[in-house]
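Student: return atomic coordinates for the entry below.
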Amino acid sequence: MPRRRGPGVRLLRGAGYAVLPAELVLAVCLVAGVRIPEPAVLAAETATLLLLAAGAWGFVRLRRRGVARRDALIELVPEPVLRLAGHELRLLTSLGLWVARRRVGVRAGDTPFPHARDQAALMYGFAFVCLVETVGMSYLLAGLPVVHAVVLVLDVYTVLFVLGLHAASVTRPHVLGPDGLRLRQAAHVDLLVPLERIAAVRHELRFSHEKAEGELDLAVGSQTSLTVELREPVDAPRLLGRPRPVRIVRCHADDARALAGALAEARDAPTAPDEDTPAPAEEAADRVPAGRAGATPARTAPSPLPGPPASA
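Tutor: Numbering: from 1, shown residues only. Have a look, this model is predicted:
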């Protein structure tokens, strides 16, 4: 049952819903060159500072009451806002991890399975197009300094966003560990599937995916190569936090066959031997008839030499 918020927290969140959009409208008007009276600008800035100070004070009070850091933030800030801010922060952090060649969430004893190889060319091409667009817009808006600065910031952030998506895929591979199979996509999907809930896993290459209830497609380069069927649904929350129970998960890995084999081995799934594979000596001995089991065959006497041929 969700916790009921106090009147102070509800008042603070209501003020945030009113002040922050007004601050955004004011910023757009200033960039567009609209003349706004100085008292109005001063009042908006004062309201924003007071709101931030009240939020910090409320956070400290909740922490002193023993509320966890994340729960305290959820009390003061709507969860969708936190999720969007966390997503952007993970993208920017992934750029640094990518340069440092580090991975996230891979512990000792875990087996990582990369999945970003088949999208690299597409993401690099998209980033190059965004970079060309940035240069072109900078040239076209050179006579409008304010608009040029705003568009330049947006364009540069777009390039970083695209590279951050690829960097998040590189630094966050799929992981198979004692806790289960951890499936990830960029910085917005992180799903842990316990091994005991996996009913079947198969290598299945698909290039078209239709949306269906209870199915999750983690396509990379518009393709998935592994299908995991579950005995019980698991919750894969959407980007803004809405629950999404799924029973079938399709994902992609650079070596999907190796992931399927490792997953089957982790589940202790029996594998049928190939027909062309000869049976081991132990299995051949087990197929000896029961009546002759344990009997050692006696050596036969050598055949006598043939005598001279009979005369006619």
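Student: so residue 48 is in contact with residue 19, correct?
Tutor: Yes - with contact defined as CB atoms under 8 Å, residue 48 counts as touching residue 19 (5.9 Å). Every residue, glycine included, has its C-beta placed from N, CA and C.
Student: any low-confidence regions in the stretch 51-200 of the chain?
Tutor: For the stretch 51-200 of the chain, no stretch has pLDDT under 70.
Student: what ranges does the chain have for its strands?
Tutor: Assigned by DSSP state E, the strands in the chain fall at 111-113, 174-177, 180-185, 189-193, 198-206, 215-217, 224-235, 245-251.
Student: name the residues of the longest one that are buried.
Tutor: Meaning strand 224-235. Within strand 224-235, the residues that count as buried by 16 or more other CB atoms under 10 Å are 224-228, 230, 234.
Student: beta-bridge partners for the most centrally placed residue in the chain, please?
Tutor: For the chain, the residue nearest the mean C-alpha position is residue 184 (1.9 Å; CA atoms, centre = their mean). Note on residue 184: beta-bridge partners by DSSP bridges are residue 190.
Student: which two in the buried residues of strand 224-235 are spaced the farthest apart?
Tutor: Greatest spacing in these, by CB to CB: 225 and 234 (20.3 Å).
Student: what sits closest to residue 62 if chain neighbours are left out?
Tutor: residue 72 (4.0 Å; CB to CB, 6 or more residues apart in numbering).
Student: for the one you found, give me its contacts.
Tutor: Shown in contact with residue 72 (CB atoms under 8 Å, 6 or more residues apart in numbering): 59, 62-63.
Student: and those, which are buried?
Tutor: Looks like the contacts of residue 72 have 59, 62 buried, using 16+ other CB under 10 Å.
Student: residue 122: which of the contacts of residue 72 is nearest?
Tutor: Of the contacts of residue 72, the one sitting nearest to residue 122 (CB to CB) turns out to be residue 59, at 41.1 Å.
Student: look up the closest residue to that closest one, ignoring the ones flanking it.
Tutor: residue 72 (5.4 Å).
Student: gap between the one you found and residue 12?
Tutor: Distance of residue 72 to residue 12, given as CB to CB, to the nearest Å: 12 Å.
Student: and if you look at residue 132?
Tutor: 45 Å.
Student: ok, these two, which is more surrounded?
Tutor: Counted by other CB atoms under 10 Å, residue 132 and residue 12 do not tie: residue 12 has more neighbours, with 19 against 10.
Student: my guess is that one contacts residue 76. True?
Tutor: Yes - Residue 12 is within contact range of residue 76, at 6.5 Å (criterion: CB under 8 Å).
Student: so residue 137 touches residue 156, yeah?
Tutor: No - in this structure residue 137 lies outside contact range of residue 156 using CB under 8 Å: 10.8 Å.
Student: now do the contacts for the nearest residue to residue 181 once chain neighbours are set aside.
Tutor: Nearest residue to residue 181 in three dimensions, chain neighbours excluded: residue 193, at 4.6 Å (CB to CB, 6+ apart). Going by CB under 8 Å, 6+ apart, residue 193 touches 180-183, 228, 230, 234, 249.
Student: hmm, which two among those are most spread apart?
Tutor: Once CB to CB is applied, the contacts of residue 193 give 182 and 230 as the farthest pair, at 14.4 Å.
Student: how near is residue 123 to residue 103?
Tutor: 18 Å.
Student: what's the answer for residue 162, then?
Tutor: 20 Å.
Student: which of the two has more neighbours?
Tutor: Under the neighbour definition other CB under 10 Å, residue 162 and residue 103 were set side by side, and residue 162 has more, 20 against 16.
Student: how deep is the closest residue to the more buried one other than its chain neighbours tucked in, by neighbour count?
Tutor: Residue nearest to residue 162 in three dimensions, not counting chain neighbours: residue 127, with 4.5 Å by CB to CB, 6+ apart. Residue 127: 19 surrounding residues under other CB under 10 Å.
Student: got it, and the one 4 residues further on?
Tutor: Taking other CB under 10 Å as the criterion, the count of residues near residue 131 is 15.
Student: list the contacts of it.
Tutor: Residue 131 is in contact with residue 159, counting by CB under 8 Å, 6+ apart.
Student: cool, residue 162 as well?
Tutor: So residue 162 contacts 123, 126-127, 130 (CB under 8 Å, 6+ apart).
Student: then residue 76?
Tutor: 9, 12-13, 55, 58-59, 62.
Student: again with residue 178
Tutor: Residue 178 makes contacts with residue 109, as judged by CB under 8 Å, 6+ apart.
Student: please report how far it lies from residue 111.
Tutor: Counting by CB to CB, the gap from residue 178 to residue 111 is 11 Å.
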